[in-house]
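Undergrad: Please work out how this folds:
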Amino acid sequence: MSRLIRQTHRWTSLVFALVVAGLFLALGLGAEPAPWVHVLPLPSLVLLTGLTLFVLPYLGRRAAG
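TA: Residues are numbered from 1 along each chain as shown. The predicted model follows:
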């Protein structure tokens, strides 16, 4: 299970980095992307990586104790 979480985190962080880099590139070139483009990185940041990595140590303690 831990391996799956780590692999998912790696791919999610890669997608997050590419989306943020693309957003900064578009802004640097003078293009103003649609407002919904600014929220594209948030689901991967909050749901798939942030909460998972926050809760993971507590799940380990519960299973061990």
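Undergrad: Where does pLDDT dip in this structure?
TA: Applying pLDDT under 70 to the chain flags the ranges 1, 47-52, 60-65.
Undergrad: Could you look up the next helix or strand downstream of the helix or strand where residue 24 lies?
TA: Assigned by DSSP states H and E, residue 24 belongs to helix 2-28. Per DSSP H and E, the first helix or strand lying C-terminal to helix 2-28 is helix 41-43.
Undergrad: who touches that next one?
TA: Helix 41-43 is contacted by residues 16, 19-20, 23 when judged by C-beta atoms under 8 Å, 6 or more residues apart in numbering. Placement of C-beta: from N, CA and C, glycine included.
Undergrad: Restricted to buried residues, select these in ChimeraX.
TA: Selection of buried members from those for ChimeraX, criterion 16 or more other C-beta atoms under 10 Å:
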select :16,19
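Undergrad: tell me which strands and helices the helix holding residue 24 is in contact with?
TA: Packed against helix 2-28 by the contact rule (3 or more C-beta pairs under 8 Å, 6 or more residues apart in numbering; DSSP states H and E) you find helix 41-43, helix 51-64.
Undergrad: Which positions within that helix qualify as buried?
TA: Applying 16+ other C-beta under 10 Å to helix 2-28 flags 9, 12, 16, 19 as buried.
Undergrad: so how far is residue 9 from the third one?
TA: Residue 16 sits at a distance of 10 Å from residue 9 (criterion: C-beta to C-beta, to the nearest Å).
Undergrad: Could you do residue 2 as well?
TA: In this view, residue 2 and residue 9 are 10 Å apart by C-beta to C-beta.
Undergrad: Tell me the backbone dihedrals of residue 40, please.
TA: phi -60, psi -40 (degrees, to the nearest 10).
Undergrad: Please disregard the earlier target; I meant residue 30.
TA: phi 90, psi 0.
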